[in-house]
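>>> Prediction below, plus the sequence it came from.
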Amino acid sequence: MKRRTFIQATAAALASHGCLPLLATQKKTSAKKGSGKPPNPYVEPSAIEPLRGGLPTCSPAAGAAKSGACSAQYSLLAWEVASAKSKNKPMGSMKVNFGEGTVQTVEKRDGKGSSPSCTIKTSVQFGEKNNATRQWTLESLVDGRAHVRFVEKGAWDGKTVTVKANSFSRQYAATNTLIHRWVLLPLLASGRMKKTSLVFDMLDDSALRPNQTLRYEGEFEIPIQGGTATFDSYVQTGYGILPIHYLVDAQRRVQLITMATVNWVLTE
């Protein structure tokens with residue numbers, strides 16, 4: 001097959017499965033009348049694109065600001081396909097508990113088809129400056145299969161990341177401050193990120209995502225159940241990730257986190 005034909009066929013297949021959401025421009029366009037083509041499914045702001053179909057049935061969670069010792073419960077919503085409006089389906093839950101210099105998470109993902117459900121638990125200790133990660137433990141379990149279990153422990157000394165598990169021990173150089181992805185939430189709740197961008201290396205479960213940038217991109221009004229709501233939007237871009245958007249309300253609660261196929265909606 002010729003190279004150009006291969007690229008065109010591959011791109012068409014990915015697009016038909018909703019796998020090319022980030023190639024869209026910011027501005028929404030429509031097909032010409034009578035062209036026989038569906039309307040462009042991409043909406044603005046891009047921060048809500050993966051949840052555009054489900055947002056009109058969602059109500060922002062109420063309660064106190066998520067600062068200090070607190071907990072947050074998120075529902076995981078899958079983005080199943082790109083269409084005129086996204087189609088979303090519940091796929092699990094995430095519980096996050098914050099303490100003094102600690103965060104603990106329990107993520108549960110529902111099984112699909114022949115795939116069983118699974119649980120991922122993390123425990124992270126972090127410092128005061130930009131919530132830099134010091135050490136962590138991760139445990140991954142497959143429900144109903146006690147023999148399928150993975151545990152790793154890691155630490156960062158300010159320069160080198162060391163990760164140990166039963167079958168390996170590895171070291172990585174961290175160019176920037178290492179921050180666990182869920183420890184970003186207190187930074188967003190502090191409001192400090194409005195004034196200055198944050199450059200860091202992200203600890204994402206067992207993966208190291210270097211050279212990440214988190215920046216404020218403005219206020220957005222989005223559709224919700226019964227009307228609209230205005231949120232501050234922050235966007236994270238960097239090596240090895242799809243853009244991640246964090247939508248924060250006036251009480252500095254991170255209400256929505258969107259990342260294409262997997263998204264988080266605050267429920268309590």
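Sure, I can see it. Residues are numbered from 1 along each chain as shown.

>>> hey, let's count contacts and neighbours off CA atoms from now on
Noted.

>>> distance of Val265 from Pro45?
Going from Val265 to Pro45 by CA to CA, to the nearest Å gives 17 Å.

>>> Of these two, which one has the most company?
Using other CA atoms under 10 Å as the criterion, Val265 and Pro45 rank with Val265 on top: 24 against 15.

>>> Other residues contacting the helix or strand hosting that one?
If you go by DSSP states H and E, Val265 is part of strand 262-266. For strand 262-266, the surrounding residues in contact (CA atoms under 8 Å, 6 or more residues apart in numbering) are 50-51, 60-61, 72-79, 254-258.

>>> Give the partner strands of that strand in its sheet and their orientations.
If you go by DSSP bridges, strand 262-266 pairs up with strand 70-81 (antiparallel), strand 254-259 (antiparallel).

>>> Give me whichever of the ones you listed is most buried.
Highest mean neighbour count among these (mean count of other CA atoms under 10 Å): strand 254-259, with a mean of 24.

>>> Mean confidence (pLDDT) on that strand, please.
For strand 254-259, mean pLDDT is 92.

>>> can you tell me which residues contact the nearest residue to Phe126 once chain neighbours are set aside?
Closest residue to Phe126 apart from its sequence neighbours, by CA to CA, 6 or more residues apart in numbering: Thr133 at 4.3 Å. Shown in contact with Thr133 (CA under 8 Å, 6+ apart): Val124, Gln125, Phe126, Gly127, Ala155, Trp156, Leu178, Ile179, His180.

>>> right, and out of those residues, which lies closest to Val96?
Using CA to CA, Val124 is the member of the contacts of Thr133 that lies nearest Val96, at 11.1 Å.

>>> can you tell me how far the closest one sits from Ala78?
Note on Val124: its distance to Ala78, by CA to CA, is 26 Å.

>>> Contacts only, for the closest residue to Cys118 other than its chain neighbours.
Nearest non-adjacent residue to Cys118, counting by CA to CA, 6+ apart: Val142, 4.4 Å away. Listed by CA under 8 Å, 6+ apart, the contact set of Val142 reads Pro116, Ser117, Cys118, Thr119, Val148, Arg149.

>>> Any figure for the gap between Val142 and Glu107?
12 Å.

>>> what is in contact with the two at once?
Thr119.

>>> Wait, Glu139 touches Glu152, no?
Yes: using CA atoms under 8 Å, Glu139 is in contact with Glu152, at 6.7 Å.

>>> Show me which residues of stretch 54-62 are buried.
Using 16 or more other CA atoms under 10 Å as the test for burial, stretch 54-62 gives Gly54, Leu55, Ser59, Pro60, Ala61.
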